[in-house]
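Enquirer: structure for this input, please:
(2 chains)
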Amino acid sequence: MNLRTKFLPLFLIPLALTAQDRYMTRTGHVEFHSSTPLEDIDAENDKVTSVWDAASGALEFSMLIKAFAFEKALMQEHFNEDYMESTTFPKATFKGKLSGIGADELAKAGTYIVSVEGTITLHGVEKSVKTEGTVTVDAHGAIQATSTFPIRPEDHGIRIPGLVRTKIAEAIEVKVRMDYRKM
Amino acid sequence: MRPFLLFALASVAMIHSAHAQDDLIGQLGEEKSAPVYSTAAFKTTRVINGHSLENTGHGVLDFRINHRFGFINGGAQEFFGLDGATVRLGFDYGVTDRLMVGIGRSGFQKTVDGFAKYRFLQQCDAGCSMPVTLAVVAASSMTTLPANQVPWYSEDRMDYFTNRISYAFTVIVGRKFSDKFSFQLNPGVVHRNLVASSADANDVIHISGAGRMKLTKRIALNAEYFYVLRGQLPEHYKNSLSVGFDLETGGHVFQLHFTNSTGMFERAYITETVGDWSNGDIHFGFNISRVFTVHTPKRPKS
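Expert: Residues are numbered from 1 along each chain as shown, chains lettered A, B, ... in the order given. Predicted coordinates:
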């Protein structure tokens, strides 16, 4: 047996290990609610991409602003044109870390409270966030991660004119639900 | 041995990069995105008098109040035109995102009109390559004036019902060139079943250009010009030129403008504009658009 065949598998093992710890989705769900006495605004996006590296805890999200669907067509147009300026800033992203769960927990069914910390880039403006979420592992090993947290438009340089100030909440509730699959 | 070493090095480098690189999504590679269509080339479905390349959204009802005061050159006696006014009230509805229909009633010649507008092509921002939006508008109007008041009245002419009807077909080819600037070219024809004299053509061929320049997020400057090919209309009819501002406030769009056209349906503003800008025959006017979401289309669940 020559050196080549002897050592080749050794180099492949770490590669395989890294890949196994990673989870991803391209159909993640993000929705938001703005609630004021005058108007409720809801929108959802079912095309969110996310990758979670369970080994390092690294977590990322990326979504197209234009993919948010509203009930009212005009709201969607205003959202893109007047507030998010989605032609200039087409994507919203998150980069950070998810902690509070390890390989042992992922191996057995259950719901685990985790904490998430990182940076949201929205409307071209970065803002660090810290929130809690849950990771649910079902009997078949399927992994779902959820979280709910507020975003304040003014933190991201989104100006809301006085005329509609009373129709848009100061803190907008964002809900995230990701059904991950192994990479 | 050499290739093996190379592989070993590459392998180690990959493991390293996989751990060190913080751009996880970047490693997935770009997915071919679903088509993303350009939106909001104009604030509303009309530039001023003419149709823009925009449609009302699916399930959206748009109530439109169009108003033209008298000619500004009426002077102080006429309070610079503000004493007189003509109105078109209309309802537009988005049957789908591509098809809209509308009806209206104008004080000008007591006319009722209706139209359908279909967007065949939509300008694409990502995931496809269509550079322009193409729409077709088919409109029809009918005057309800008493028989002896129609413009083509003469004693020995029978007042057939069909005499009162005219049609207009317009093709809209437009593009949102940037966030701020949109432009469209609209060739078209107005067919009038009956005209006043043999100097008038029944089929009036015209081409118009219309543009908008966004000044702020909620204010835009619009202009449109209808050029009627020569020799089709008597000399005293002018080409329609309108300039105005769009102001957007939530569910309303206010359009304030100056125009030399009095009527607000195709036959009137394309073939029956008598105002001459150089004489000060200019109307101040406004359109108000108020939208109501009357039906929420089901979105496909992914």
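
Enquirer: show me the contacts for B:L99.
Expert: Applying CB atoms under 8 Å, 6 or more residues apart in numbering or on different chains, we find B:L99 in contact with B:N55, B:A116, B:K117, B:Y118, B:R119. Using the backbone N, CA and C atoms, a C-beta is placed for each residue, glycine as well.

Enquirer: where does it land on pLDDT?
Expert: With respect to pLDDT, B:L99 has a value of 97.

Enquirer: mind checking which helix or strand residue 112 is in?
Expert: All of this refers to chain A. strand A:110-122 (DSSP states H and E).

Enquirer: oops, chain B please
Expert: Using DSSP H and E, the element containing B:V112 is strand B:111-121.

Enquirer: buried residues, that strand. List them.
Expert: Within strand B:111-121, the residues scored as buried using 16 or more other CB atoms under 10 Å in any protein chain shown are B:T111, B:V112, B:D113, B:F115, B:K117, B:Y118, B:R119.

Enquirer: quick check: of those, which lies closest to chain A?
Expert: When the buried residues of strand B:111-121 are compared for distance to chain A (CB to the nearest CB), B:R119 wins out at 13.9 Å.

Enquirer: please tell me how far that closest one sits from B:V60.
Expert: The spacing between B:R119 and B:V60, counted by CB to CB, to the nearest Å, is 14 Å.

Enquirer: and what of B:S240?
Expert: Shown here: B:S240 relative to B:V60, a distance of 28 Å by CB to CB.

Enquirer: and the strand holding B:V112, which strands flank it?
Expert: Here strand B:111-121 has these sheet partners by DSSP bridges: strand B:99-106 (antiparallel), strand B:133-143 (antiparallel).

Enquirer: who are the packing partners of the helix or strand that that strand is followed by?
Expert: The helix or strand immediately downstream of strand B:111-121 is strand B:124-126, counting by DSSP H and E. With contacts taken as 3 or more CB pairs under 8 Å, 6 or more residues apart in numbering or on different chains; DSSP states H and E, strand B:124-126 sits against strand B:36-37.

Enquirer: who are the packing partners of the next helix or strand after the strand it packs on?
Expert: Downstream of strand B:36-37, the first helix or strand assigned by DSSP H and E is strand B:60-71. Helices and strands touching strand B:60-71, by 3+ CB pairs under 8 Å, 6+ apart, are strand B:85-94, strand B:99-106, strand B:283-293.

Enquirer: could you redo the last one with a cut-off of 7 Å?
Expert: On a contact count with 3 or more CB pairs under 7 Å, 6 or more residues apart in numbering or on different chains; DSSP states H and E, strand B:60-71 meets strand B:85-94, strand B:283-293.

Enquirer: mind checking if the last one is in reach of chain A?
Expert: Right, the one you point to is strand B:283-293. Yes - looking at strand B:283-293 against chain A by CB under 7 Å from any CB of the partner chain, the contacts come from B:V291, B:T293.

Enquirer: center of chain A, which residue is that?
Expert: With distances taken as CA atoms, centre = their mean, chain A has A:F61 as the residue nearest its mean C-alpha position (4.1 Å).
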